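Q: sequence unknown, structure follows:
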């Protein structure tokens, strides 16, 4: 029987990032047919050479990007780069794995020979249940929605499911995921958040081992599909409470935003307030390269703008060269 898996891995981006991504593609259990490139986001026929060249160019430009490879909705790879944290995140979703233990050994071998921040492997249903904001999703899993805790989202202007009520919920900032799940790996670059000793000493789990390169691997329970059992839920809560996972995530969230606020040059969009030529009080700029593609402000040749009055109405829009600004 094949299993439907969610696998996420993050690593600090460097000169070896493209080679790292190529290696991940080699352990994917399916052959892709389509791709979306960082610059266009349009789906086209998959070509590994073009895809890797496109990723390489995006890294050189130091732009935030999000690129995808997919066979269908059940088998896909998403590659994201955050230029603020300089973290690359790769998310693999697949239903093509027959033997979980065998595939986790493949991942072990990969992680054992690469430096990572962290990685997580769990059932896709488990991932869905711990991250969905719409209550209708939970009905499809046989969960009583009347018992779900809801919270109001100012951004969405409606009530959503409060995922913090679930033991396996996650917080991701700057490409780093803080969660509690079936299988987790933590490398050198994660130990600044939670020390290696603390992670190695967690005992309320199925296994806790350290790979040869120092990566800590924790498996909370025996079978990946047991995520809704009392044992699995208790161990997920136990791990996140032991490691102070939510507190650590909040601290990193604050730090990440401080870094982002101090470096606007990496952003491809800017919101300015003040007094502008057409009488507006706010201007939104989107920075573009010579070819008209979005890029970081520091690399931009021009920008397009919209100017708004105090009521939020667009009163002017246009394009300017960055040199004439």
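A: Nice, I can see it. The structure displayed is predicted, hence computed values, not measured ones.

Q: And the helices in the stretch 201-325 of the chain?
A: Counting by DSSP state H, counting those that start in this stretch, the segments of the stretch 201-325 of the chain that form helices are 230-242, 245-262.

Q: Name the residues that touch the last one?
A: Translated: helix 245-262. Contacts to helix 245-262, defined as Cβ atoms under 8 Å, 6 or more residues apart in numbering, come from residues 84-85, 164, 171, 173-174, 176, 178-180, 193-194, 239-240, 267. C-beta here means a position set from N, CA and C on the backbone, and glycine is covered the same way.

Q: So which of the residues you listed are in helices?
A: Judged by DSSP state H, the subset of the contacts of helix 245-262 located in helices is 239, 240.

Q: Show me which of the contacts of helix 245-262 are buried.
A: Among the contacts of helix 245-262, those classed as buried by 16 or more other Cβ atoms under 10 Å are 84-85, 171, 173-174, 176, 178-180, 193-194, 239-240, 267.

Q: Spit out the contact partners of the closest residue to residue 237 other than its chain neighbours.
A: Nearest residue to residue 237 in three dimensions, chain neighbours excluded: residue 167, at 4.6 Å (Cβ to Cβ, 6 or more residues apart in numbering). Residue 167 sits next to 130, 180, 232, 233, 234, 236, 237, 240 when contact means Cβ under 8 Å, 6+ apart.

Q: ok, of the buried ones among the contacts of helix 245-262, which one's closest to residue 228?
A: Proximity of those to residue 228 (Cβ to Cβ) peaks at residue 180, which lies at 14.0 Å.

Q: Can you list the buried residues in stretch 281-297?
A: 281, 283, 284, 285, 286, 287, 288, 289, 294, 295, 296, 297.

Q: I'd guess residue 101 is in a helix, am I close?
A: Yes: membership of residue 101 in a helix is supported by DSSP: H, G, I helix; E, B strand; the rest coil.

Q: From residue 22, how far off is it?
A: Look at residue 101 and residue 22: by Cβ to Cβ, to the nearest Å, they are 25 Å apart.

Q: thinking again about what came up before, pLDDT at the residue nearest to residue 237, what is it?
A: pLDDT recorded at residue 167 is 97.

Q: which sections of this structure are below the confidence cut-off?
A: Residues of the chain meeting the criterion pLDDT under 70: 1, 262-267, 269-271, 311-312, 323-325.

Q: Residue 163 versus the residue nearest to the spatial centre of it, what's the distance?
A: Ranked by distance to the mean C-alpha position of the chain (Cα atoms, centre = their mean), the top residue is residue 175 at 4.6 Å. Counting by Cβ to Cβ, the gap from residue 175 to residue 163 is 19 Å.

Q: Put together TSV for the buried ones among the contacts of helix 245-262, with distance to residue 144 on each row.
A: TSV is the format used below for the buried ones among the contacts of helix 245-262 (distance: Cβ to Cβ, whole Å):
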residue	distance to residue 144
84	40
85	38
171	26
173	31
174	35
176	33
178	28
179	24
180	23
193	35
194	34
239	26
240	24
267	43
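
Q: which one among the contacts of residue 167 gets closest to residue 10?
A: The closest of the contacts of residue 167 to residue 10 turns out to be residue 180 (Cβ to Cβ; 16.1 Å).

Q: Which residue ranges of the stretch 151-300 of the chain form strands?
A: 158-161, 171-173, 176-178, 183-186, 207-210, 216-219, 269-273, 282-288 (DSSP state E, counting those that start in this stretch).

Q: rewinding a little: closest one to residue 205 among the helices of the stretch 201-325 of the chain?
A: helix 230-242 (6.1 Å).

Q: what angle do that closest one and helix 245-262 make?
A: Counting by axes from the mean of the first three to the mean of the last three Cα atoms, to 10 degrees, helix 230-242 lies at 50 degrees to helix 245-262.

Q: returning to what we had before: hmm, which of the contacts of residue 167 are the buried ones?
A: Neighbour counting with 16+ other Cβ under 10 Å marks 130, 180, 232, 233, 236, 240 as buried within these.

Q: wouldn't the fifth one be in contact with residue 170 here?
A: No: shown here, residue 236 and residue 170 do not form a contact pair, counting by Cβ atoms under 8 Å, at 10.9 Å.

Q: re earlier: next, give me the two most distant ones among the buried ones among the contacts of helix 245-262.
A: Spanning the widest gap among the buried ones among the contacts of helix 245-262 are 239 and 267, at 35.0 Å by Cβ to Cβ.
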